[in-house]
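In: When you get a sec, could you give me coordinates for this:
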Amino acid sequence: MVLGDLGTSIANALSKLNRESKIDDEVLTALLNDLTRALLASDVNMDLIQRLNRNIKNAVSLKDLPTNFDVRRVIEKAVIEEVTLLLDSGHTPKAPSRSKTNVIMFVGLQGSGKTTTCTKLAYYYRTRGWKVGLVCADTFRAGAFDQLRQNATKAKIPYFGKRDESDPVVIAAEGVRVFKQKKFEIIIVDTSGRHKQEEALFEEMEAISAAVKPNETIFVLDSTIGQAAEAQAEAFKERVDVGSVIVTKLDGHARGGGALSAVAKTGAPITFIGVGEHMNELEKFNTKRFVQRILGRGDIETLVERVKEHQLDDQKELMRQIQKGKFTLQMMREQFQNILKMGSFGQIMQMIPGLNNMPKESEQASQKRLQSFLVMMDSMTEEELNAPDISFIEQSASRRRRICRGSGVLPHFMNELIAVYKPFAAAAGKMKKMPFGKNGEMPKNPQQMGKLANMMPQSFLKQIGGQQGFMNLMQKFQGAEGGGGGDPMGNMQSMMKNMGNMQKLMRKQPKRRR
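Out: The predicted structure follows:
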């Protein structure tokens, strides 16, 4: 989990308030001490921490609060607001325009993940319908062009570079010209990694900037350097017009909080964060949502956006089948595929309240198991996938053997796939009796929603806070949809089914060998 230790420490500090019979200055001081230790462990600058503590004390002011105020809620609100401000630069980054060619120049320290991040950003925009090209102007590092070429080929993105040209300014200018002639909407220029003490490379960076005239310059920062990020970001800002920052390697290092807060202090907005090695593990950064997520409160808004971006919100056919009490392996296969389209298993889990405290090992095991199930279903015939009853496969030893051989898995995986499928097929059968709307809308009155909650796996309900937690989750989805027009709950059945499948998978992890 991104900054999982920091988020858990802050959440634990806040949870201690609920165990106190009386909230006084001593309790508030203990809370601030816990926050200080958590932020220091994440390498946040002490001056920033002291400012945060002062602001919280001023916002709470226990002696001035009316007696009928919920003091715990006031303190919690102040803490979350101040942590959010700590990571927020207060500036809005530029967004690329569809009406013109957008040239984006990447700069950063060597080893920060700049070349990989170039391709990730190109992939991010390509999957959203933009025409994107990559230019390799890094002639300093051996193998830079080969790395960009391999990444770009894998991500299906056009690229430009020259092995026999040693002048990066010439390469950058020619690459931008070629892509502009072909009407590319976004052109990303990768430059050589450099350190603030390397004057020659800084002059080269300025020359490239003058040659390609970028619409935006993005500084790529390795989060592992912690609060030292501030000095590096300031050095780059002095030489080129840094418009925004991408922070990388946030998925596995304790000093990420220090890097984020240090960058925010410079005033440069953070636009994306790198949360893994895969192409789809670059996330748009929203400070408020990010804080909610690391505190274990989920991020329904981003989850709904992911659903819409990948056009997964049109589930009318699925709803029609469920209203008939039908749920086949083919339907489950499509929902598994939808999960993987939206990002890694861990990313999706972190967005769902109650399911975002999985250890990284569990996330990886669950994703691997889900992929194994997909391979197994790829080995099935259309007749098997669309059979109304799993017994069609379950009672045929020859079919089970053929599917396992075709997918290269052991027989017990088939038992696990059947065990995952059965509860949801049974739930779909019960939903046949639910009073759906004319267009397949989910029932919205509390009594019917309570019945729907009871159809969910009990392990899932327990993690999100029981029936009331389920109701709250549905309300969050409704709020994230905007509440205007259409069916705000239209894709909820697929979402809940996905979550249930995930939870079932989590419980099916193999035991570790001692």
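In: wait, Ala152 sits on Tyr159?
Out: Yes. In this structure Ala152 lies within contact range of Tyr159 using C-beta atoms under 8 Å: 4.0 Å. Every residue, glycine included, has its C-beta placed from N, CA and C.
In: got any residues that touch both of those two?
Out: By C-beta atoms under 8 Å, 6 or more residues apart in numbering, Ala152 and Tyr159 have these common neighbours: Leu134.
In: Am I right that Glu165 sits in a helix?
Out: No. With DSSP: H, G, I helix; E, B strand; the rest coil as the criterion, Glu165 is located in coil rather than a helix.
In: OK, contacts around it?
Out: 139, 171.
In: For it, grab phi and psi.
Out: Dihedral angles of Glu165 (phi, psi; degrees, to the nearest 10) stand at phi -110, psi 130.
In: Tell me how far it lies from Thr153.
Out: 20 Å (C-beta to C-beta, to the nearest Å).
In: which residues touch the residue sitting nearest the centre point of the chain?
Out: The C-alpha lying nearest the average C-alpha coordinate of the chain belongs to Gln347 (C-alpha atoms, centre = their mean; 4.3 Å). Contact analysis of Gln347 by C-beta under 8 Å, 6+ apart lists 275-276, 281, 283.
In: Let me know the pLDDT of it.
Out: For Gln347, the model assigns a pLDDT of 72.
In: Let me know the helix or strand that it is in.
Out: Under the criterion of DSSP states H and E, Gln347 resides in helix 345-350.
In: After that helix, which helix or strand is next?
Out: Downstream of helix 345-350, the next assigned helix or strand under DSSP H and E is helix 360-378.
In: Now the helix or strand following that next one - C-alpha only, PDB.
Out: Heading C-terminal from helix 360-378, the first helix or strand you meet, by DSSP H and E, is helix 382-385. Taking Å, rounded to 0.1, in the frame of the first residue of the first chain, the C-alpha atoms of helix 382-385 are listed here in PDB:
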ATOM      1  CA  GLU A 382     -18.600 -21.400 -25.000                       C
ATOM      2  CA  GLU A 383     -21.100 -24.100 -23.800                       C
ATOM      3  CA  GLU A 384     -19.200 -24.400 -20.500                       C
ATOM      4  CA  LEU A 385     -18.900 -20.700 -19.900                       C
END
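In: Now do the buried residues in helix 382-385.
Out: Buried residues in helix 382-385, counted by 16 or more other C-beta atoms under 10 Å: 384-385.
In: Next: stretch 80-96.
Out: 80, 82-83, 85-89, 93, 96.
In: Let's have the residues you listed in CSV, adding distance to Ser223 and secondary structure.
Out: Output for the buried residues of stretch 80-96, formatted as CSV (distance: C-beta to C-beta, whole Å; DSSP: H, G, I helix; E, B strand; the rest coil):
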residue, distance to Ser223, secondary structure
Ile80, 22, helix
Glu82, 21, helix
Val83, 17, helix
Leu85, 19, helix
Leu86, 15, helix
Leu87, 12, coil
Asp88, 17, coil
Ser89, 16, coil
Pro93, 18, coil
Pro96, 24, coil
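In: Residues contacting the strand or helix carrying Asp5, please?
Out: Using DSSP H and E, Asp5 falls within helix 4-17. Residues from elsewhere that reach helix 4-17 (C-beta under 8 Å, 6+ apart): 1, 23, 27, 30-31, 34-35, 37-39, 41-42, 72, 75-76, 79, 83, 254, 256-257, 293-296, 357.
In: Which ChimeraX command selects the buried ones in the residues you listed?
Out: Restricted to buried positions by 16+ other C-beta under 10 Å, the ChimeraX selection for the contacts of helix 4-17 reads:
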select :1,23,27,31,34,35,38,39,42,75,76,79,83,254,256,257,293,294,295,296
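In: For the helix or strand encompassing Asn33, name the packing helices and strands.
Out: Assigned by DSSP H and E, Asn33 falls within helix 25-41. Judged by 3 or more C-beta pairs under 8 Å, 6 or more residues apart in numbering; DSSP states H and E, helix 25-41 is in contact with helix 4-17, helix 46-60, helix 71-86.
In: For it, give the mean pLDDT please.
Out: Rounded mean pLDDT across helix 25-41 is 91.
In: Show residues contacting that helix.
Out: With C-beta under 8 Å, 6+ apart, helix 25-41 has contacts from 5-6, 9-10, 12-14, 16-17, 20, 46, 48-49, 52-53, 56-57, 60, 62, 75, 79, 254, 257.
In: out of the residues you listed, which are buried?
Out: Looking at the contacts of helix 25-41 with 16+ other C-beta under 10 Å, the buried ones turn out to be 5-6, 9-10, 13-14, 17, 48-49, 52-53, 56, 60, 75, 79, 254, 257.
In: Next, Ile104: secondary structure please.
Out: Assigned with three-state DSSP, Ile104 falls in the strand class.
In: Quick check: mean pLDDT of the helix holding Asp5?
Out: For helix 4-17, the per-residue pLDDT averages 85.
In: Off-centre distance for that helix?
Out: 21 Å (C-alpha atoms, centre = their mean, to the nearest Å).
In: again with stretch 46-58
Out: The answer for stretch 46-58 is 29 Å, by C-alpha atoms, centre = their mean.
In: ok, now stretch 122-131?
Out: 17 Å.
In: which outside residues touch stretch 227-245?
Out: 43-45, 93-94, 105, 107-109, 196, 202, 205-206, 209, 216-221, 223, 225, 247, 255, 258-259, 261-263, 265-266, 268-271.
In: I'm done for today, thanks for sticking with me.
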